[in-house]
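Asks: please find the sequence and the predicted model below.
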Amino acid sequence: MASNTESNESAQVSLPAAGGDFRYVARQPILDVRGEVQGYELLFWNGRDTIILAKSDQAFSSLLDNTVLFGLDQLAGGLPAFVNCTADSLTEEWMHLLPPGMAVIELRADQEVTGDLLLNCRRLKFLGYRLALDGFTGKIEPAALIDLADYVKVDVAEVDASGRRKILQLLEGKLARPIAMNVQTQEQHQEVFAEGFKLFQGYYFCRPEMLKNQHIPANRMVHLEILELVQKDPVDLKRLSQLVSCDPALTYRLLRLVNSPLCAMRQEVTSIQSALMLIGEHTFRHIAMLAIASDFNSDQPAEVLRMAFERGRFCELAAGLCGLIASEQYLIGMVSMFPAMLRIPIEELVRSLPLREKAREGLLGGAAREGILLRWLVSQEHEDWAACDAILRTYNLSGEQIMRYRAEAIAWANTALQAAVGGQ
């Protein structure tokens, strides 16, 4: 897969760590009732605080310069990118570096509504930007802003059910689409959905209700045997072909991925045997993992699958920084999302996985070195910046290099997801 890595070099987001500049960029997906991602909120951190972009913020100006602007588009996957701003930043020249068709300017709902603020918002709307009000609690003071807003975000941890219903009533007949944010559990998701919300922000989709029997279904055991088989060197082609042929859907997914831009084949590959011979065992292992993860995720939102692809690729790319085995890290990253796909606790899964004891410990959240990259990425996903920095300091890792691999992994995961599920 080396050629694909090279093709993603231009998507890297290299963030300087000194002088108060941004060190991390995290993102949170916003999903609709079908579980499809409708946008991402981008969160910037400078080593001290999560940044709300303010007037004369030179750090942000440099962040959006040159290749980073392309990286911003990659971070949002071509979907709307919600970016937190202050009222006085709306007139800054660097605001126009945000692409109008992609950017959603997010403003606090509790700020003073002035004539200048309304004028600036109308100007941005005329230029093609969308507006979101963050932290709306139902107060009527920003009524003029509500009329301009495309989205209104309601924090479920701050506004109770009664308050949320009043907000939905207030928004009836208006352009603004309500977003229930900070939705962390399935119970919360079901509650706000019943209330009438259609957009949701939070990691509830990674925490589906676990199956009561808590065992791996028999039809999935073949997939785990394939995982074990492709980890061996050399691969037993005869046995692999037998196992894959037992599952026509898996065969289809494998061949679809092999014939996608991920492998850049010049001729169509029509069998597992020819795929293995043409793309080589190393790439075939990647493709097999992608196909199995896609099959496992058939009943869950595609964002779960994208996160699995991103975690696997990130852990693989960054493995060399920690002296870890790249292929094993790829497996650890991907497998970390299997519980969300299969609705089975990770403790049940690890017993059946082809992993060394230290790798199992790292996957279970233990102190093993094999789990440090996964822990860093999960901490980043949940904006636990202190934990991210602690890991970098403990293992003497380069924050700039880590963020470069993160951006490469995001770009790769976007391509892999399109190859895995696009057009289906």
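Replies: Everything's here; your move. Numbers count the residues shown, from 1 in each chain.
Asks: look at residue 21 and report its pLDDT.
Replies: In the prediction, the pLDDT value recorded for residue 21 is 45.
Asks: how about low-confidence regions in the stretch 1-150 of the chain?
Replies: 1-23, 46-72, 94, 140-142 (pLDDT under 70).
Asks: show me where it has its strands.
Replies: Remark: strands of the stretch 1-150 of the chain, listed N- to C-terminal, are 24-32, 37-45, 50-51, 81-84, 103-108, 130-134; assignment by DSSP state E, counting those that start in this stretch.
Asks: out of those, nearest to residue 320?
Replies: Nearest to residue 320 among those is strand 24-32; the distance by C-beta to C-beta comes to 20.7 Å. C-beta: built from backbone N, CA, C; applies to glycine.
Asks: is it possible to export the strands of the stretch 1-150 of the chain to CSV including distance to residue 277?
Replies: What follows is the strands of the stretch 1-150 of the chain, written out as CSV (distance: least, C-beta to C-beta, whole Å):
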stretch, distance to residue 277
strand 24-32, 38
strand 37-45, 37
strand 50-51, 50
strand 81-84, 42
strand 103-108, 47
strand 130-134, 50
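Asks: and these: which comes nearest residue 259?
Replies: When the strands of the stretch 1-150 of the chain are compared for distance to residue 259 using C-beta to C-beta, the nearest one is strand 37-45, at 25.4 Å.
Asks: note down every partner strand of that closest one and its orientation.
Replies: On the basis of DSSP bridges, the sheet neighbours of strand 37-45 come out as strand 24-32 (antiparallel), strand 50-51 (antiparallel), strand 81-84 (parallel).
Asks: now these as CSV including mean neighbour count and distance to residue 146?
Replies: Shown next, in CSV, are these (neighbours: other C-beta atoms under 10 Å; distance: least, C-beta to C-beta, whole Å):
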stretch, mean neighbour count, distance to residue 146
strand 24-32, 21, 19
strand 50-51, 16, 25
strand 81-84, 23, 17
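Asks: can you list those in TSV and add distance to residue 265?
Replies: Output for the strands paired with strand 37-45, formatted as TSV (distance: least, C-beta to C-beta, whole Å):
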stretch	distance to residue 265
strand 24-32	31
strand 50-51	43
strand 81-84	33
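Asks: nearest to residue 369, out of those strands?
Replies: The minimum distance between residue 369 and the strands paired with strand 37-45 falls on strand 24-32, with 21.9 Å, by C-beta to C-beta.
Asks: distance between that closest one and the chain's centre?
Replies: In terms of C-alpha atoms, centre = their mean, to the nearest Å, the gap separating the centre of strand 24-32 from the centre of its chain is 6 Å.
Asks: give me the contacts around that strand.
Replies: Surrounding strand 24-32, the residues in contact under the criterion C-beta atoms under 8 Å, 6 or more residues apart in numbering are 13, 15, 37-45, 75-76, 82, 179, 198-203, 205, 301, 303, 380-381, 383, 385, 388, 399, 403.
Asks: give the contact list for the residue nearest the centre of the chain.
Replies: Nearest to the centroid of the C-alpha atoms of the chain, with distances taken as C-alpha atoms, centre = their mean, sits residue 307, at 4.9 Å. Going by C-beta under 8 Å, 6+ apart, residue 307 touches 206, 337, 381, 413.
Asks: can you lay out those as CSV showing neighbour count?
Replies: CSV is the format used below for the contacts of residue 307 (neighbours: other C-beta atoms under 10 Å):
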residue, neighbour count
206, 18
337, 24
381, 17
413, 24
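Asks: please flag which of those sit within helices.
Replies: For the contacts of residue 307, membership in helices holds for 381, 413, with DSSP state H as the criterion.
Asks: follow-up on the earlier one: quick check: the residue nearest to the centre of the chain vs residue 24, distance?
Replies: Distance, residue 307 to residue 24, by C-beta to C-beta, to the nearest Å: 17 Å.
Asks: just residue 144 next, same as before
Replies: In this structure, residue 144 and residue 24 are separated by 35 Å, where distance is defined by C-beta to C-beta.
Asks: show me the one of the strands of the stretch 1-150 of the chain that comes nearest residue 354.
Replies: Across the strands of the stretch 1-150 of the chain, closest to residue 354 is strand 24-32 (C-beta to C-beta), at 30.3 Å.
Asks: what about residue 102, neighbour count?
Replies: Close neighbours of residue 102, defined as other C-beta atoms under 10 Å, add up to 18.
Asks: settle this for me: it is touching residue 73, isn't it.
Replies: Yes. Assessed by C-beta atoms under 8 Å, residue 102 is found in contact with residue 73 at 6.6 Å.
Asks: mind listing the shared neighbours of these two?
Replies: Between them, residue 102 and residue 73 share these contacting residues under C-beta under 8 Å, 6+ apart: residue 81.
Asks: which of the three states applies to the residue nearest to the centre of the chain?
Replies: Residue 307 carries the three-state label helix when classified by DSSP: H, G, I helix; E, B strand; the rest coil.
Asks: could I get the contacting residues of residue 236?
Replies: residue 229.
Asks: that one and residue 362, how far apart?
Replies: Residue 236 is 27 Å from residue 362, by C-beta to C-beta.
Asks: measure how buried residue 282 is and give me the count.
Replies: If you count neighbours by other C-beta under 10 Å, residue 282 ends up with 12.
Asks: where's it, which helix or strand?
Replies: Assigning secondary structure by DSSP states H and E places residue 282 in helix 272-296.
Asks: how far off centre is that helix?
Replies: Put simply, helix 272-296 sits 23 Å off its chain's centre (C-alpha atoms, centre = their mean).
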